[in-house]
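Trainee: attaching a predicted model along with its sequence, questions to come.
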Amino acid sequence: MILQNQIIIPPPVQALLKRLNKAGFSAYAVGGCVRDSLLGNPPQDWDICTSARPEEIKACFSDRRTILTGERYGTVTVLHEDACYEITTFRTESGYSDNRHPNRVAFLDSLQDDLARRDFTVNAMAADADGHITDCFDGLNDLENGQIRCVGEATERFSEDALRILRALRFSSKLGFSIAPKTSDAIHALKNRLHAVAPERLRKELCGLLCGKAAGTVAREYADVLCVLIPELQRCIGFKQYNHHHIHDVWEHTLRVLEQVPPEEGLRLAALFHDIGKPAAFSMDKQLVGHFYGHAVISAALSETILRRLRYDNATVQQVTFLVREHSFFLPEGNEKRMRKLLAAFEPERLRQLLLLRRADAVGTGTRTEEAADRIMKNALLLLDDVLQKDDCFSLRQLAVNGGDLMALGLPQGPIIGSILRHLLDAVIDGRIQNNRADLLSYAQKINSELEYD
Ligand code: ATP
Ligand code: MG
């Protein structure tokens, strides 16, 4: 692949760049948007850098809404054609004593100096209003060779800001790139510096790493780095299972499950943690077969500790611990009744995720083919869609009668109403009666007379 040295700048971005140029400033699209355009991937957002100082940027766009995102850091957000653009003054950064924000920011006049502070060569390219690329650090070459390489001396760059260690893994996973040898050596050597980085900053990069297309490969090669963030993983590495269902150790199995689930944050985290409690749950019977009784519950408890430590929000903690705890539930093969029962217990979306994790878990054992796992999985997913589409009844809300209807029959107000409703729901889920008013009411009367008789 030979990359061109020009990209297409979208008209709104071009308009912003030209406005700054007209006022006598140099201005460029920079970083991720240039990298992604060169790769033919649509950029998420367009960042702009310029020689204009923050107050000059504001003056330049006095007819637009501008928000000073951080005067100290030289960023002005400009609202333009219903989108937000971050325009940042050329700058150097130094000293991250709190590992969150640079201590000193100095504004600069030259693009080259601004590019020099950036993390990786593929992130250190800029494009002018016509899309012509400035590439001072051989980023185009690295992009072509699929390589993440630090701008300048790797050891120095990771010492300045340890988050870059995790960013390197994130980009490697997202783009499927290798990491250049010196950059890789420095990552392994300096990984412990990640301890000093704020969890909020780590979390975002960890999510990118786990959701990338090469997540399994990167996690395998940089397991030592992941263990700095999540020491609980350490025991899984090389932990033999002594069980004919599994040909891989716990860590290798985990990586395979990680690769097999779709790249959604909750699912990928659940894959990473689903067996993390196995070493603690291990026992061996007289036949020398390994067992892991109760491992899902231990894994769920460990997941919660880890996710809280990484400052994940409650919704993610709940989602992931649920998936981990329930990951070894029984698959409802071709049985609508069982699917309705599962839907009575789990939200449809959670059940879908659970099925996806189940499938990945089966493939990850190494003893079942993807085709075999898919057959079971596809049937279960089709069944799920079918039950949902038919609007089958699996919750009290969907029952064709409610408490008021039962009281109208003369049943006494109180807990008995709730109890009868649940009996009715069970009967409908089991397929013993139809979900229609007449059948339900006569069945309710029958249950009630049996209760009275009792
Ligand atoms: P994505 O499309 O995934 O957001 P990106 O390259 O835009 O990728 P950002 O985290 O948004 O990544 O950062 C924007 C740019 O800022 C990067 O391309 C890089 O040039 C620079 N950058 C960001 N964080 C750092 C850092 N910690 N050290 C050095 N440069 C950084
Ligand atoms: Mg970005």
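Mentor: Thanks, I have it. Residues are numbered from 1 along each chain as shown. Ligands and ions are numbered 1, 2, ... in the order given.
Trainee: does Asp361 touch Val257 like I think?
Mentor: Yes. With contact taken as CB atoms under 8 Å, Asp361 and Val257 are classed as touching, separated by 5.5 Å. No exception for glycine: its C-beta is placed from N, CA and C like everyone else's.
Trainee: can I assume Ile230 is in contact with Leu307?
Mentor: No. Between Ile230 and Leu307 there is no contact, the gap being 9.9 Å when judged by CB under 8 Å.
Trainee: Val317: how many residues sit nearby?
Mentor: With neighbours defined by other CB atoms under 10 Å, the count for Val317 comes to 18.
Trainee: you'd agree Leu79 is in a strand?
Mentor: Yes. Under DSSP: H, G, I helix; E, B strand; the rest coil, Leu79 sits within a strand.
Trainee: looking at Ile230 and Leu307, which is more packed in?
Mentor: For Ile230 and Leu307, the more surrounded residue by other CB under 10 Å is Leu307, and the numbers stand at 22 against 18.
Trainee: can you show me the strands along this protein?
Mentor: With DSSP state E as the criterion, the chain has strands at 27-30, 47-50, 66-70, 75-80, 83-89, 91-94, 104-107, 125-127, 133-135, 147-148, 178-179, 283-284, 290-291.
Trainee: circling back to that earlier point, so what sits against both of Asp361 and Val257?
Mentor: By CB atoms under 8 Å, 6 or more residues apart in numbering, Asp361 and Val257 have these common neighbours: His274.
Trainee: and those two? Which one has more around it.
Mentor: Looking at Asp361 and Val257 with other CB under 10 Å, you find the greater number of neighbours at Val257, namely 27 against 22.
Trainee: residues contacting that one?
Mentor: With CB under 8 Å, 6+ apart as the criterion, the residues that contact Val257 are 271, 274-275, 357, 360-361, 363-364.
Trainee: gap between it and Phe273?
Mentor: If you measure Val257 against Phe273 using CB to CB, to the nearest Å, the figure is 10 Å.
Trainee: swap in Gly414?
Mentor: In this structure, Gly414 and Phe273 are separated by 44 Å, where distance is defined by CB to CB.
Trainee: looking at these two, which is more packed in?
Mentor: Each of Gly414 and Phe273 has its neighbours counted (other CB under 10 Å); Phe273 has more, 26 against 9.
Trainee: so the more buried one sits against Ala301, correct?
Mentor: No. Phe273 is not in contact with Ala301 according to CB under 8 Å; the separation is 10.3 Å.
Trainee: ok, the closest residue to ligand 1 within the stretch 251-400 of the chain - contacts?
Mentor: Here the residue of the stretch 251-400 of the chain nearest ligand 1 is Pro263; by CB to the nearest ligand atom that distance is 13.5 Å. By CB under 8 Å, 6+ apart, Pro263 lies in contact with 210-213, 215.
Trainee: need the strands of the chain in JSON lines (columns: mean neighbour count, mean pLDDT and distance to Asn243).
Mentor: Output for those, formatted as JSON lines (neighbours: other CB atoms under 10 Å; pLDDT from 0 to 100; distance: least, CB to CB, whole Å):
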{"stretch": "strand 27-30", "mean neighbour count": "26", "mean pLDDT": "98", "distance to Asn243": "52"}
{"stretch": "strand 47-50", "mean neighbour count": "24", "mean pLDDT": "97", "distance to Asn243": "50"}
{"stretch": "strand 66-70", "mean neighbour count": "15", "mean pLDDT": "83", "distance to Asn243": "54"}
{"stretch": "strand 75-80", "mean neighbour count": "19", "mean pLDDT": "92", "distance to Asn243": "54"}
{"stretch": "strand 83-89", "mean neighbour count": "19", "mean pLDDT": "94", "distance to Asn243": "52"}
{"stretch": "strand 91-94", "mean neighbour count": "15", "mean pLDDT": "80", "distance to Asn243": "51"}
{"stretch": "strand 104-107", "mean neighbour count": "15", "mean pLDDT": "80", "distance to Asn243": "56"}
{"stretch": "strand 125-127", "mean neighbour count": "27", "mean pLDDT": "98", "distance to Asn243": "50"}
{"stretch": "strand 133-135", "mean neighbour count": "19", "mean pLDDT": "97", "distance to Asn243": "53"}
{"stretch": "strand 147-148", "mean neighbour count": "23", "mean pLDDT": "98", "distance to Asn243": "38"}
{"stretch": "strand 178-179", "mean neighbour count": "20", "mean pLDDT": "98", "distance to Asn243": "34"}
{"stretch": "strand 283-284", "mean neighbour count": "10", "mean pLDDT": "90", "distance to Asn243": "10"}
{"stretch": "strand 290-291", "mean neighbour count": "16", "mean pLDDT": "92", "distance to Asn243": "5"}
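Trainee: this completes my enquiry, with thanks.
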